[in-house]
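**Student:** When you get a sec, could you give me coordinates for this:
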Amino acid sequence: MGIAKTAEPFICGGSAATFASCVIHPIDLAKVRMQLYGQLNPGKPIPSFPTVISGIIKQDGVGAIYKGIDAAIGRQLVYGTARIGLHRTFSDKLVEMNDGKPIGFLTKTLSGMASGSIAVCIGTPFDIALVRLQSDSMAPAAERRNYKNVFDALIRTSKEEGVKALYHGLFPNILRGMSMNVGMLACYDQAKEFVANILNDPLTDGRPQLATKLGSSAIAGFTAAAFSLPFDLMKSRLMAQKPDPITGELPYKNLFDCGVKVFRNEGPLGFWGGFTAYYGRCAPHAMIILISIESITELYRKSFYN
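**Tutor:** Take a look at the predicted model:
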């Protein structure tokens, strides 16, 4: 029972995150394309989400909207498992240290930041593979990498560009992971208490009713999107960039250089480019995770130690 109890938040969290990513993958694909559009087509308005999706289907077929799904699953099995499992483990330990009383929002925030940053350091190579698989068809045919799958992307990237290339964009990815965990998990915990109070949900055994889950997860989806999008955009651009064929220089030198160029070329709102697709990804992703994890956890407990 001891091992099963310790593994519970990791197995249940990773399963919920993987399931959610499979459901919203087409939205995630469109989000990446919208984020890179401003870099590849400076001065042109970013197309809408329906335009991007319909364009992908017309150009490459319906199956193309699931391009990179193997990398998305690999990423969530590593990153999703770690970020949710660590946050729940940290939070439970902090509650125990607080004599069983609920912890404050600041403590929840610190737990979210710590677990998010650790998870990103583990999962960034899969993030690199995912972004490249999703963005490859945007490049001219002669410049495409044409990776076969996630493993081909990881192996070829390390061989052709060095292992260090698997960690391009690590710093903005850490910032994204921290802000995402705070916006999603810490804010969900706080929103759950707030919504439960409004709906008079007694939170029996700490389990919220469906209405409380829906309301608090919708709030968490919005805060996760608003907090993390600027870092996600810079992460995507740093991960997808290619050296100039003539000069051999990369478009962005580092996170600061990327931020300056986005601000200069696209304005402050450029950091929130593709917000509709990003929120459309974050909200259902957060809601699916936060709602399904309760059912998965209940099934896990019945199977192992209840």
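**Student:** Longest helix of the protein, counting residues only.
**Tutor:** Counting by DSSP state H, the longest helix found in the chain is helix 2-40.
**Student:** counting contacts, what elements does that one pack onto?
**Tutor:** Packing contacts for helix 2-40, counted by 3 or more C-beta pairs under 8 Å, 6 or more residues apart in numbering; DSSP states H and E, involve helix 49-60, helix 69-75, helix 81-97, helix 105-135, helix 210-240, helix 255-266, helix 275-304. (Each C-beta comes from the backbone N, C-alpha and C, glycine too.)
**Student:** quick one: which of the ones you listed is nearest A186?
**Tutor:** A186 lies closest, by C-beta to C-beta, to one member of the helices and strands packed on helix 2-40: helix 105-135, at 4.0 Å.
**Student:** Sort out which residues of the longest helix of the chain are buried, please.
**Tutor:** By neighbour count with 16 or more other C-beta atoms under 10 Å, helix 2-40 contains the buried residues 8-21, 24-39.
**Student:** same thing with stretch 266-282?
**Tutor:** For stretch 266-282, by 16+ other C-beta under 10 Å, it's 266, 270-271, 273-282.
**Student:** One more: stretch 249-265?
**Tutor:** Those buried within stretch 249-265 under the rule 16+ other C-beta under 10 Å are 251-252, 255, 258-259, 261-262.
**Student:** ok, V95 to I103 distance?
**Tutor:** 6 Å (C-beta to C-beta, to the nearest Å).
**Student:** With D201 instead?
**Tutor:** Distance from D201 to I103, by C-beta to C-beta: 19 Å.
**Student:** now G274
**Tutor:** According to C-beta to C-beta, G274 stands 34 Å off from I103.
**Student:** can you check M178 too?
**Tutor:** According to C-beta to C-beta, M178 and I103 sit 18 Å apart.
**Student:** neighbour-wise, which of these two wins?
**Tutor:** Per other C-beta atoms under 10 Å, whichever of M178 and I103 has more neighbours is M178, with 24 against 19.
**Student:** And whichever helix or strand the more buried one is part of, what does it pack against?
**Tutor:** Assigned by DSSP states H and E, M178 falls within helix 170-181. Under the contact criterion of 3+ C-beta pairs under 8 Å, 6+ apart, helix 170-181 touches helix 81-97, helix 105-135, helix 210-240, helix 255-266.
**Student:** Tell me which of those lies nearest to K44.
**Tutor:** Of all these, helix 255-266 sits nearest to K44, with 10.5 Å by C-beta to C-beta.
**Student:** Centre of the chain to the closest one, how far?
**Tutor:** Chain-centre distance of helix 255-266: 22 Å, with C-alpha atoms, centre = their mean, to the nearest Å.
**Student:** Return the angle between stretch directions for it and helix 2-40.
**Tutor:** Helix 255-266 and helix 2-40 are oriented at 40 degrees to each other (axes from the mean of the first three to the mean of the last three C-alpha atoms, to 10 degrees).
**Student:** For the remainder of this discussion, apply numbering that starts at 895.
**Tutor:** Will do, 895 is the new start, and the previous item becomes helix 1149-1160.
**Student:** tell me which strands and helices helix 1149-1160 is in contact with?
**Tutor:** So helix 1149-1160, by 3+ C-beta pairs under 8 Å, 6+ apart, packs with helix 896-934, helix 1064-1075, helix 1104-1134.
**Student:** Any regions of this protein where pLDDT drops low?
**Tutor:** 895, 1200 (pLDDT under 70).
**Student:** and the most far-flung residue of it relative to its centre, what are its phi and psi?
**Tutor:** Within the chain, I1140 marks the point farthest from the mean C-alpha position, 34.0 Å out by C-alpha atoms, centre = their mean. Taking degrees, to the nearest 10, you get phi -90, psi -50 for the backbone angles of I1140.
**Student:** Return the distance of it relative to P1034.
**Tutor:** From I1140 to P1034 the distance is 15 Å (C-beta to C-beta).
**Student:** What of F1150?
**Tutor:** 29 Å.
**Student:** What of V1076?
**Tutor:** Distance of V1076 to P1034, computed by C-beta to C-beta: 39 Å.
**Student:** same question, T912
**Tutor:** Taken as C-beta to C-beta, the span from T912 to P1034 is 33 Å.
**Student:** swap in F1125?
**Tutor:** 28 Å.
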